[in-house]
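> Sequence and predicted structure are below.
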Amino acid sequence: MSKARTVAVIVGSLRKESFSRKLAKAFTAAAPTHLKFDFVDIGQLQFFNQDLESTPPAEWTAFRDRIRAADAVLFVTPEYNRGIPGVLKNAIDVGSRPYGQSVWNGKPAAVVSNSPGAIGGFGAYHHLRQSLVFLNMPTVNQPETYVGGVASMFDEAGELTNEATREFLTGFGQVFADGIEKHLS
C-alpha cells in the first residue's frame with residue numbers, strides 16, 4: 001500500500017465556476033486514493049513586493065505554510081494570452097521568496113492546462129513549466145496534459161461527463177503518484 005501523500009492544488013483561475021476548478025476536482029476524484037488534496041486559494045494574496053518581506057502579509061505566511069506542508073503540488077491553469085494568469089504567477093513569486101527559502105524547492109509537481117479551444121492551453125502549460133524548472137520542481141514530463149474543448153466536458157452540476165478525459169486523468173493521476181514516490185523516497 002502506498003503512503004498517504006498531501007498534494008497542494010493551485011487553481012490558476014479565480015472564477016468560482018471556472019473550468020480549471022472543475023477539472024481539478026475531476027482530477028482529484030480520479031486520482032489514486034492515497035493522494036489527499038488541499039485546494040490552496042491564491043485570490044487573497046497581495047501582489048508580491050519585496051518591500052513587504054520584512055513583515056510579510058499574513059496571507060503570504062499562511063500560503064507559504066500550506067505549500068511547505070504539502071508533499072507535492074498540482075497546478076491546474078487556464079491559458080490567458082498564451083501564458084499563465086497573473087494571479088498564478090503572483091502565487092509562484094510569493095512562494096519563491098525570500099530568496100533561498102522557496103517553498104517550491106524540490107517539491108514534485110504536475111501541470112494540467114485547459115482551454116475551450118482545441119490546443120488546450122499549450123502556451124500556459126509551457127509557460128508554467130519554464131518557471132517550475134527554475135524553482136527546482138521535478139515535474140511530470142509525460143504525458144503532457146493539455147485539455148482542449150473543456151467548455152463542453154461538464155454537466156450542469158460541474159461533473160465531468162467526458163469518459164475519455166476521465167480515463168486520461170486516471171492514468172495521469174497514477175503517473176503523478178508514481179513521480180511523487182520516486183522523488184520523495
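Nice, I can see it. Numbers count the residues shown, from 1 in each chain.

> make it CA atoms for all contacts and neighbour counts henceforth
Fine.

> Tell me what the residue positioned nearest the centre of the chain is bridged to.
Against the mean C-alpha coordinate of the chain, by C-alpha atoms, centre = their mean, the closest residue is residue 75 at 1.0 Å. When bridges are called by DSSP bridges, residue 75 pairs up with residue 10, residue 111.

> May I have stretch 168-185 as CSV, with CA atoms only?
The C-alpha trace of stretch 168-185 is given here as CSV (Å, rounded to 0.1, in the frame of the first residue of the first chain):
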residue,chain,number,x,y,z
PHE,A,168,-6.8,10.1,-19.2
LEU,A,169,-6.9,11.8,-15.8
THR,A,170,-7.0,8.5,-14.0
GLY,A,171,-3.8,7.4,-15.9
PHE,A,172,-2.2,10.8,-15.4
GLY,A,173,-3.0,10.6,-11.7
GLN,A,174,-1.1,7.3,-11.4
VAL,A,175,1.9,8.7,-13.2
PHE,A,176,1.9,11.7,-10.9
ALA,A,177,1.6,9.5,-7.8
ASP,A,178,4.5,7.4,-9.1
GLY,A,179,6.5,10.5,-9.7
ILE,A,180,5.8,11.8,-6.2
GLU,A,181,7.1,8.5,-4.7
LYS,A,182,10.2,8.5,-6.9
HIS,A,183,11.2,12.0,-5.8
LEU,A,184,10.3,11.6,-2.1
SER,A,185,11.8,8.2,-1.5
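
> what are the ranges of the strands in the chain?
Assigned strands in the chain, in chain order: 5-11, 35-39, 72-78, 109-115, 146-148 (criterion: DSSP state E).

> Dump these into TSV; add distance to residue 91 and mean pLDDT as well.
Shown next, in TSV, are the strands of the chain (distance: least, C-alpha to C-alpha, whole Å; pLDDT from 0 to 100):
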stretch	distance to residue 91	mean pLDDT
strand 5-11	9	98
strand 35-39	13	98
strand 72-78	11	98
strand 109-115	15	96
strand 146-148	21	91
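
> a markdown table please, covering those and showing distance to residue 121.
Converted to a markdown table, the strands of the chain look like this (distance: least, C-alpha to C-alpha, whole Å):
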| stretch | distance to residue 121 |
| --- | --- |
| strand 5-11 | 14 |
| strand 35-39 | 21 |
| strand 72-78 | 6 |
| strand 109-115 | 5 |
| strand 146-148 | 6 |
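
> closest to residue 138 out of those?
Among these, strand 109-115 comes nearest to residue 138, with 6.1 Å by C-alpha to C-alpha.

> That closest one packs against which elements?
Under the contact criterion of 3 or more C-alpha pairs under 8 Å, 6 or more residues apart in numbering; DSSP states H and E, strand 109-115 touches helix 19-30, strand 72-78, helix 122-134, strand 146-148, helix 163-184.

> Of all the strands of the chain, which one is nearest residue 48?
Of all these, it is strand 5-11 that lies closest to residue 48, at 16.9 Å by C-alpha to C-alpha.

> now that closest one, how far from the centre of its chain.
Here the centre of strand 5-11 is set off from its chain's centre by 7 Å, with C-alpha atoms, centre = their mean, to the nearest Å.
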